[in-house]
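Engineer: Just the structure for this:
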Amino acid sequence: MTENEKKSPTIEAQLTQLAEIVEKLENGDLSLEDSLTYFEQGIALTKACHGTLEAAEKKIQQLTDERARDDA
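Structural biologist: Alright, predicted model coming up:
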């Protein structure tokens, strides 16, 4: 495990944080500036989660391909 992977929050933690941001934005009690800040954080978290899911999908595909080659 690389040093970066150790410091990165888990996707579960990111999704929890994203849900909290959505709740704050939907509540409607934030100023425009705060809303924009939370929106930006939400976009960044969404991108991070998407990247994590893409990496997992790629790893699964590699493992599946290796298994298929081994079985052939």
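Engineer: C-alpha only now, for contacts and for neighbours.
Structural biologist: Will do.
Engineer: host element of the residue positioned nearest the centre of the chain?
Structural biologist: Taking Cα atoms, centre = their mean, the centroid of the chain lies closest to residue 49, which sits 1.5 Å from it. Element membership of residue 49 [criterion: DSSP states H and E] is helix 32-71.
Engineer: what comes up buried for that helix?
Structural biologist: 35, 38, 39, 42, 45, 48, 49 (16 or more other Cα atoms under 10 Å).
Engineer: List just the nearest of the residues you listed to residue 67.
Structural biologist: Of all these, residue 67 sits closest to residue 49, with 26.9 Å by Cα to Cα.
Engineer: thinking that closest one is in contact with residue 12, fair?
Structural biologist: No - using Cα atoms under 8 Å, residue 49 is not in contact with residue 12, being 9.0 Å away.
Engineer: and the helix holding residue 49, what's its mean pLDDT?
Structural biologist: Mean pLDDT, computed over helix 32-71, is 95.
Engineer: That helix packs against which elements?
Structural biologist: Judged by 3 or more Cα pairs under 8 Å, 6 or more residues apart in numbering; DSSP states H and E, the packing partners of helix 32-71 are helix 11-27.
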